[in-house]
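A.B. asks: Generate a structure from the sequence data that follows.
(chains A, B, C and D)
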There are 2 protein chains.
Amino acid sequence: MGRSSVNGQLDLLLLSSLGAGEAHGYALIARIHERSGARIELQEGSVYPALHKLEAAGCVASRWADDDGGRRRVYALTGAGHAELARKVEEWRGFSAAVRGVLGAAS
Amino acid sequence: MGRSSVNGQLDLLLLSSLGAGEAHGYALIARIHERSGARIELQEGSVYPALHKLEAAGCVASRWADDDGGRRRVYALTGAGHAELARKVEEWRGFSAAVRGVLGAAS
DNA sequence: TCCCATACCTAGACTCTCTAGGTATGGGAC
DNA sequence: GTCCCATACCTAGAGAGTCTAGGTATGGGA
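C.D. replies: Residues are numbered from 1 along each chain as shown, chains lettered A, B, ... in the order given. Below is the predicted model of the structure:
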């Protein structure tokens, strides 16, 4: 595992980014890179399998679009995806609060 | 991987807890459980290998103590451990800020 | 016509943490 | 006095998640 790891929050990042509007894989990578302040640099090999898994789980839906040039697969959040996003946001808040609790006691 | 995962922050949690004073394995588990607001429940099978790894890396030092009854292995932060802790705290702050950045844009 | 950027995909490897076992000791119950 | 349980430590192996390193296809500019 390389050093730009997302520590188990990949699904959260993808769902959250799709919450801002449908997008294709490459665009999601750019979106997350930008919004993270260039701190998160996802790889294609991480993103595409994760999107396929989310689609299999019914959290996102995809359609093929050939707008400009090459083929593109555009993903959008489903109803279940919105619910899952909300759940994962809560989970993240709980986890980061827990870590802050442990850190805060010491330093 | 079970569902109480610490998402790659196990070393941070252990080092940070040891920053509050030396302790043995079981005590660390209890300390982290308490300070996380009961949200993080580490398993022995996670903690002991992690402590051994940190000791091999020179971040912690251990000594055997048979205070009350059974044997106990008491761990303490080394100088290198303090430095590593500071580094990991910074890493965590950067990462959680990055996630907040991605989340904040959407919801 | 060739090359490069965009865009997508997959297999395999690697790391991390958990599960599920195991050992040893001391104290209380019966 | 013996049994059982809580405390305390340990390890091998499994499983999940993400990355590396490859590959394919298309369109546009040199």
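A.B. asks: Next one: the residue nearest to residue A:84 when sequence neighbours are not counted relative to residue A:14, how far apart?
C.D. replies: Nearest non-adjacent residue to residue A:84, counting by CB to CB, 6 or more residues apart in numbering or on different chains: residue A:59, 5.0 Å away. Backbone N, C-alpha and C define where each C-beta goes, glycine included. Using CB to CB, to the nearest Å, residue A:59 is found at 9 Å from residue A:14.
A.B. asks: Excluding covalently adjacent residues, which one is nearest to residue A:77?
C.D. replies: Leaving out its chain neighbours, the residue that sits closest to residue A:77 by CB to CB, 6+ apart is residue A:18, at 4.8 Å.
A.B. asks: The one you found: neighbouring residues, count only.
C.D. replies: Number of residues near residue A:18 (other CB atoms under 10 Å in any protein chain shown) recorded here: 24.
A.B. asks: shouldn't it be in contact with residue A:55?
C.D. replies: No - the criterion here is CB atoms under 8 Å, and residue A:18 misses it with residue A:55 at 11.2 Å.
A.B. asks: which neighbours do the two share?
C.D. replies: Taking CB atoms under 8 Å, 6 or more residues apart in numbering or on different chains as the contact rule, residue A:18 and residue A:55 both touch residue A:75.
A.B. asks: follow-up on the earlier one: for the residue nearest to residue A:77, list the residues it contacts.
C.D. replies: If you count contacts by CB under 8 Å, 6+ apart, residue A:18 has them with A:28, A:60, A:75, A:76, A:77, A:81.
A.B. asks: Among those, which one lies nearest to DNA strand D?
C.D. replies: Of all those, residue A:28 has the smallest distance to DNA strand D: 12.4 Å, by CB to the nearest atom of the strand.
A.B. asks: So the closest one versus residue A:75, what's the distance?
C.D. replies: Distance from residue A:28 to residue A:75, by CB to CB: 8 Å.
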